[in-house]
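S.K.: Structure, please.
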Amino acid sequence: MRLHRVTPAIAAAVLAPALLLATPSFAATTAPAAVPGSAVSSSADEPDADDLKVAIARILADPDSGRRVTREANALL
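M.R.: Residues are numbered from 1 along each chain as shown. Predicted coordinates:
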């Protein structure tokens, strides 16, 4: 082997343990404490039926919609 092939291999072998042992262990960290919150979602998070119908109509109007998409969108309406 030539010297320019051996040198990077030796450098990698020497530096690998130092780099691996210097990084923190992610398994040793503790999980963050769970913050109790409201389990009930607000009505602002959910779209109403009119918004959903408009979104489906936009999908149907798109010329790139395939046959399956069109069939499923019509079934939802």
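S.K.: what's near enough to touch residue 60?
M.R.: By CB atoms under 8 Å, 6 or more residues apart in numbering, the residues touching residue 60 are 70, 73-74. Just so you know, the C-beta spots here come from the backbone N, C-alpha and C atoms, and that holds for glycine as well.
S.K.: if you set the cut-off to 6 Å instead, what comes out?
M.R.: Going by CB atoms under 6 Å, 6 or more residues apart in numbering, residue 60 touches residue 73.
S.K.: quick one, helices of the chain?
M.R.: In the chain, the segments counted as helices under DSSP state H are 3-22, 49-61, 67-76.
S.K.: could you give me the average pLDDT of the first one?
M.R.: The average pLDDT within helix 3-22 is 80.
S.K.: Could you do the shortest one as well?
M.R.: The average of the pLDDT scores along helix 67-76 is 86.
S.K.: helices or strands up against that helix?
M.R.: Packing contacts for helix 67-76, counted by 3 or more CB pairs under 6 Å, 6 or more residues apart in numbering; DSSP states H and E, involve helix 49-61.
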